[in-house]
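A.B. asks: The following comprises the amino acid sequence and a computationally predicted model.
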Amino acid sequence: MSDTASPHEGSPVRLIPNTPVALIEIDNPPVNATSRHVRSGLLAAIQEVGRNPQIGAAVIACAGRTFVAGADIREFGRPPQEPHLPDVINAIEACSKPVVAAVHGTALGGGCEIALACHARVAEPGAGFGLPEVKLGLVPGAGGTQRLPRLVGLEAALDLVTSGRTVKAAEALRLGLIDQLSTADLRQDAMDLARDLIGRPLRRTGECAVTPLDAATASAKVADIHRKARGAQAPGRAAELVLLSASLPLQDGMTRERETFLELRSSAQSAALRHAFFAEREVTRLPGIDSVEPRPVQKIGIVGAGTMGSGIAIAFADAGFDVKVVEASEQALAAGQARITDVYDKQVQSGRITAAARDERLQAIEYEVGISSLSDRDLVIEAVFEDLDVKRALFRDLDEILPPGTILATNTSYLDINLIAAVTSRPADVVGLHFFSPANVMKLLEIVRTDRTAADVVATGLSLAKRLRKIPVVCRVCDGFVGNRILSRYRLQAEYLLEEGALPHEVDAALEAFGFPMGPFAVSDLAGLDIAWARRKRLAPTRDPRERYVDIADRLCEAGRFGRKTGAGWYRYDGGKREVDPFVTELVEEASRRRGLTRRSISADEIQSRIRAAIVNEACKILDERIVERPLDVDVVMMHGYGYPAWRGGPLFEADSVGLRPILDTVNERAERDGPGWEPADGLVSRAASGATFYP
Ligand code: 3HC
C-alpha cells in the first residue's frame, strides 16, 4: 500500500493511491450517507484518479457496516448544496479510467446510483441494492431512473423503482444490476476486476440502449402502479421517468428526473414520509429505558398454537430464536404444528424461502403438551383464548414453574395486564407483547408496560423487537392499548355513518380513496365478525346505556354471517370477490328506521373527516392519559398496524396540516349527537385554542 491522500484533510472520503488500482474509501458513519462532505470528497477523489498518471483504475468501497445508504435525509429540509450528487455521479461515469464499486451491506438510493454509474459492480452475497426513494415520497434524484433500466431493462426497473424494494446480490446478478459476486475478499475481487478492465473499452451505463415497452404494456403497468400506490404520488412519477429512459438521452432524462426530484422533495407527502422514517426509529428511544441493559433472551416459550401463537412462533423462528410451542392437548398441538408447517410450505412454493431454510426454521420449533416443559425458557408468551380468568389461571401456573427472572408476556389485545400480573409473585417481570395478525408479517409490536413492569423488561421487549425486525411502540395499560382503542372508536363512527345514510361499500370506498388498503367493513369481513361479537356480548352488561349503540353487526352474526370465512358478512363473496349484498342494505336501512333517522346521501369527504376526527380525538385522549408519551408513538401505531397511509404521516402529523380547529369542530358536533365517549379530549381543545401543534 502506498500513501493515503485525502481529497481534503478530515474528509470522510480517503483516496489510497495504490498502483495501478487506487482505493476510494467512504467513511461517514452510521450509513455512509452522501452528505455534502462525502460528495465533495468523492468528486475530488475521482478527479485525482483521472489526473494521476500512476493510477490506472479505482475501486469505490465503504468503511463500516454498509455501502452508501443514500442521500442524507436530514439535509432534505435545507437548500441543496454543491457539489450536487448527480454531478458527482456523472463524473464517476465519465472518468477515463475504470471505476468499480465494491458493495457490502446495502447500496440504497444515492448509494445505488453511485454503483450504477461505476463501470462494473462487485458485491458480497449478503449485499442488497435498491432505490427506496418512493418510500420517502421522492423519485431517485441522481440518475437512478435513467441508469437502472439501461442495466436491467424497463420491466425490472419499473418494479424496483416504483416499489422501492431491495434486491439481494444474487437477484441483482441475475437482473444484470451487478457483474460479479464476491465470496472471498470483496475489495480484492473488485481490485482484480478493475485491473482487468484497464486499457479495455469502458462500459458506461449511460450509453447503454433501453428496449422500449409497447404502448399497451406500458400503460397497463403504469395503471397498476397508480392503483398500488393508493394515493401516494411518487411511484407514478417515478414510473414516467423510468419509461422516458427508452426515448431520451441520459442527460435529458436526468434533467427531467432532477426537476421531479426537487419538486417532490418539497412536497407535503415527502415531508410526511420523512416524518414516518424518523418516527419509526424514534419510537425505540425511550427516556429512562435507553440506557437500561436488556435481559438475555434466546429460548422462547409460546402457550397456545392458534393463529396468533403460530404466527408468533414463526416470527421468532425466522429471527433465529429457539422456540417451544405448547398446547393443552395433542390434538390442538398437532393442529398448530400443521398450521406452522403450512405457512412455511407456502413460503417455499412462492419462492420466498428455500426448502433448506424452511427445514432449518421448522427444526428451531419444538412442540410439547402442557406448560411444564417451559421451565428452561427465558421468556414465555401466552397466546390463549382472550378471557381474563383463563389468562390469570395460566399466569398463576406459569409463575409456579418458571424460574425467577423469566419474563412472562401476554399477547392480549384488550385485557387489563395489571390484573394478570397481580396473580403472579413477579409482577415486575410481566409485560404485554401485543403482536398483530399475521404475527410473522405485521411490523407493529405494542409493548405494554403495567404499573409495575421493570425497566429492563421493557428494554428486553425493545431489543426483541429489533431482532424480530419489528417496529415497537411502548405504551401503558388501557382497554385496547393504542391501536385497538382508536380502532374501536372509528369503527363505531363508521357504523353511525351507516345508520345516517351511507352503505358499507361507500364507507369502505371513501376510506380506501383516503389511502387505507381496505375500508373497515372489508377488514372486518377478513378478520371475522365473531370475535368482536363475543367481546360485545361480554361487555354488554357494563355498557353505558346512554351510548349510541349500533346493532347491525350483531344482526349479521345472528344470521351466521361471520365474514369471508362463511362466504358472507358485510359483503357477500361469490367466487371470493366482494360484492354489495341487498341483504345488508336492507339491514342497514332497517337500522336507520329503528333509530328514527331519515337517510341522506353522505359524501366521501364527510366520511373521511368524521373518521379522522374520531381517530385524532381518541389519540389525544391516549396522550392526555399518558398511555404513550409522544404523538409519534400514535402515528407509528396507526401507520404500521392499521394501514393509515404513510404518505399522510399518521393521523397526528396530518392533523397539524389539516388544522386542529376543523377537527375539533367535527368532534364537538359528534359529541352532541353521539353522546358519551365522544367528548373532545383536553389536549385537542387546548391545542386548538392556543394554535399549538402536535409537532412544533
Ligand atoms: N440519511 C440520514 N440518516 C440516515 C439515512 C440516510 N439516508 N439512513 C439511515 N440513517 C440513520 C438513521 O436515522 C439511524 O439514525 P439514528 O441511529 O440516529 O436513529 C441510523 O442511520 C441507522 O439507521 P437504521 O436504524 O435504520 O439502521 P439499520 O441498520 O436498521 O438500517 C438502512 C440501515 C437499511 C440503511 C436503513 O437506515 C435505511 O433504509 N435507510 C434509508 C435508506 C434510504 O432511504 N435511502 C435513500 C435516500 S434518498 C436518496 O438517496 C435520494 C437520491 O436519489 C438523490
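C.D. replies: Ah, there it is.

A.B. asks: so what's Val326 up against?
C.D. replies: 301-303, 305, 333, 367-371, 373-374 (CB atoms under 8 Å, 6 or more residues apart in numbering). Placement of C-beta: from N, CA and C, glycine included.

A.B. asks: Ramachandran angles for it?
C.D. replies: Phi and psi for Val326, reported as degrees, to the nearest 10, are phi -120, psi 150.

A.B. asks: Mark which of the contacts of Val326 are buried, thanks.
C.D. replies: Neighbour counting by 16 or more other CB atoms under 10 Å classes 301-303, 305, 333, 367, 371, 374 among the contacts of Val326 as buried.

A.B. asks: helix/strand/coil for the residue of the chain positioned farthest from its centre?
C.D. replies: In the chain, the greatest distance from the average C-alpha position (CA atoms, centre = their mean) is reached by Pro53, at 48.8 Å. Using DSSP: H, G, I helix; E, B strand; the rest coil, the structure places Pro53 in coil.

A.B. asks: What about the contacts of Val326, which are in helices?
C.D. replies: Leu333 (DSSP state H).

A.B. asks: Redo the contacts of Val326 as CSV? Include distance to the ligand.
C.D. replies: As requested, the contacts of Val326 are exported to CSV (distance: CB to the nearest ligand atom, whole Å):
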residue, distance to the ligand
Gly301, 28
Ile302, 26
Val303, 31
Ala305, 31
Leu333, 36
Tyr367, 32
Glu368, 34
Val369, 39
Gly370, 39
Ile371, 35
Ser373, 35
Leu374, 31
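
A.B. asks: Tabulate the contacts of Val326 (CSV), appending pLDDT and distance to Leu243.
C.D. replies: Formatted as CSV, these follow (pLDDT from 0 to 100; distance: CB to CB, whole Å):
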residue, pLDDT, distance to Leu243
Gly301, 98, 53
Ile302, 98, 48
Val303, 98, 53
Ala305, 95, 49
Leu333, 97, 54
Tyr367, 97, 52
Glu368, 96, 56
Val369, 96, 59
Gly370, 95, 61
Ile371, 96, 59
Ser373, 95, 59
Leu374, 97, 57
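
A.B. asks: got the buried residues for the helix-or-strand element of the chain with minimal mean pLDDT?
C.D. replies: Lowest on mean pLDDT, DSSP states H and E among the helices and strands of the chain sits helix 530-539, with a mean of 86. By 16+ other CB under 10 Å, the buried positions in helix 530-539 come out as 530, 532-533.

A.B. asks: by contact count, what packs against it?
C.D. replies: If you count contacts as 3 or more CB pairs under 8 Å, 6 or more residues apart in numbering; DSSP states H and E, helix 530-539 packs onto helix 552-558.

A.B. asks: Mind listing what's buried along the helix or strand following the helix it packs on?
C.D. replies: Per DSSP states H and E, the first helix or strand lying C-terminal to helix 552-558 is strand 572-574. By 16+ other CB under 10 Å, the buried positions in strand 572-574 come out as 572-573.

A.B. asks: moving C-terminal of strand 572-574, what's the next helix or strand?
C.D. replies: strand 577-579.

A.B. asks: and that following strand, what does it pack onto?
C.D. replies: Against strand 577-579 (3+ CB pairs under 8 Å, 6+ apart) you get strand 572-574.

A.B. asks: returning to what we had before: possible to save the buried ones among the contacts of Val326 as JSON lines with distance to Leu23?
C.D. replies: Shown next, in JSON lines, are the buried ones among the contacts of Val326 (distance: CB to CB, whole Å):
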{"residue": "Gly301", "distance to Leu23": "50"}
{"residue": "Ile302", "distance to Leu23": "49"}
{"residue": "Val303", "distance to Leu23": "54"}
{"residue": "Ala305", "distance to Leu23": "53"}
{"residue": "Leu333", "distance to Leu23": "57"}
{"residue": "Tyr367", "distance to Leu23": "52"}
{"residue": "Ile371", "distance to Leu23": "58"}
{"residue": "Leu374", "distance to Leu23": "53"}
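
A.B. asks: Now Thr66: closest residue in space, sequence neighbours ignored.
C.D. replies: Distances taken as CB to CB, 6 or more residues apart in numbering place Gly105 nearest to Thr66, at 2.6 Å, with adjacent residues excluded.

A.B. asks: So for the closest residue to Phe514 other than its chain neighbours, what's the pLDDT?
C.D. replies: Sequence neighbours aside, Gln608 is the residue nearest to Phe514 in space, at 5.0 Å (criterion: CB to CB, 6+ apart). For Gln608, the model assigns a pLDDT of 98.

A.B. asks: The residue in the stretch 101-250 of the chain positioned nearest to the ligand - how many residues pack around it?
C.D. replies: Nearest residue of the stretch 101-250 of the chain to the ligand (CB to the nearest ligand atom) works out as Gly109 at 2.4 Å. For Gly109, the count of nearby residues is 28 (other CB atoms under 10 Å).

A.B. asks: do Leu394 as well
C.D. replies: 22.

A.B. asks: Report the distance from the helix or strand it falls within to the chain centre.
C.D. replies: In this structure, Leu394 sits in helix 388-401 according to DSSP H and E. The chain centre lies 34 Å from the centre of helix 388-401; the measure is CA atoms, centre = their mean, to the nearest Å.

A.B. asks: For the closest residue to Leu154 other than its chain neighbours, give its distance to Lys299.
C.D. replies: Nearest non-adjacent residue to Leu154, counting by CB to CB, 6+ apart: Leu213, 5.2 Å away. According to CB to CB, to the nearest Å, Leu213 stands 52 Å off from Lys299.

A.B. asks: Kindly indicate whether the residue nearest to Leu154 is helix, strand or coil.
C.D. replies: Secondary structure state of Leu213, per three-state DSSP, is coil.

A.B. asks: Quick check, it in contact with Lys221.
C.D. replies: Yes: between Leu213 and Lys221 there is a contact under CB atoms under 8 Å: 7.3 Å.

A.B. asks: where do the contact lists of those two overlap?
C.D. replies: Glu155.

A.B. asks: follow-up on the earlier one: OK, contacts around the residue nearest to Thr66?
C.D. replies: Contact analysis of Gly105 by CB under 8 Å, 6+ apart lists 62, 64-67, 69, 127-128.

A.B. asks: which two from the residues you listed end up farthest apart in space?
C.D. replies: Gly64 and Gly128 (15.5 Å; CB to CB).

A.B. asks: The ligand contacts on the chain?
C.D. replies: 30-31, 33, 66, 69-74, 85, 106, 108-110, 113, 132-133, 136, 138, 140-142, 144, 281 (CB under 6 Å from any ligand atom).

A.B. asks: of those, buried ones?
C.D. replies: Listed as buried from the residues of the chain next to the ligand are 31, 33, 66, 69-73, 85, 106, 108-110, 113, 132-133, 136, 138, 140-142, 144; burial here means 16+ other CB under 10 Å.

A.B. asks: So, low pLDDT: which residues of the stretch 451-600 of the chain?
C.D. replies: Nowhere does the stretch 451-600 of the chain drop to pLDDT under 70.

A.B. asks: ok, Gln81 - contacts?
C.D. replies: 36, 75.

A.B. asks: Quickly note the distance from it to Met308.
C.D. replies: Look at Gln81 and Met308: by CB to CB, they are 50 Å apart.

A.B. asks: try Val588
C.D. replies: Taken as CB to CB, the span from Val588 to Met308 is 31 Å.

A.B. asks: Ala409 too?
C.D. replies: 12 Å.

A.B. asks: Same check on Ala276?
C.D. replies: Separation of Ala276 from Met308 (CB to CB) stands at 26 Å.

A.B. asks: do the same with Pro651
C.D. replies: Going from Pro651 to Met308 by CB to CB gives 26 Å.

A.B. asks: Next: Leu250.
C.D. replies: From Leu250 to Met308 the distance is 52 Å (CB to CB).

A.B. asks: Only C-alpha atoms, please: export stretch 452-462 in CSV.
C.D. replies: The C-alpha trace of stretch 452-462 is given here as CSV (Å, rounded to 0.1, in the frame of the first residue of the first chain):
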residue,chain,number,x,y,z
ARG,A,452,-45.1,-2.5,37.8
THR,A,453,-43.2,-3.7,34.8
ALA,A,454,-39.4,-3.5,35.4
ALA,A,455,-37.4,-1.1,33.1
ASP,A,456,-35.1,-4.0,32.0
VAL,A,457,-38.2,-6.0,30.9
VAL,A,458,-39.3,-3.1,28.7
ALA,A,459,-35.8,-2.8,27.4
THR,A,460,-35.9,-6.6,26.6
GLY,A,461,-39.1,-6.1,24.7
LEU,A,462,-37.4,-3.4,22.6
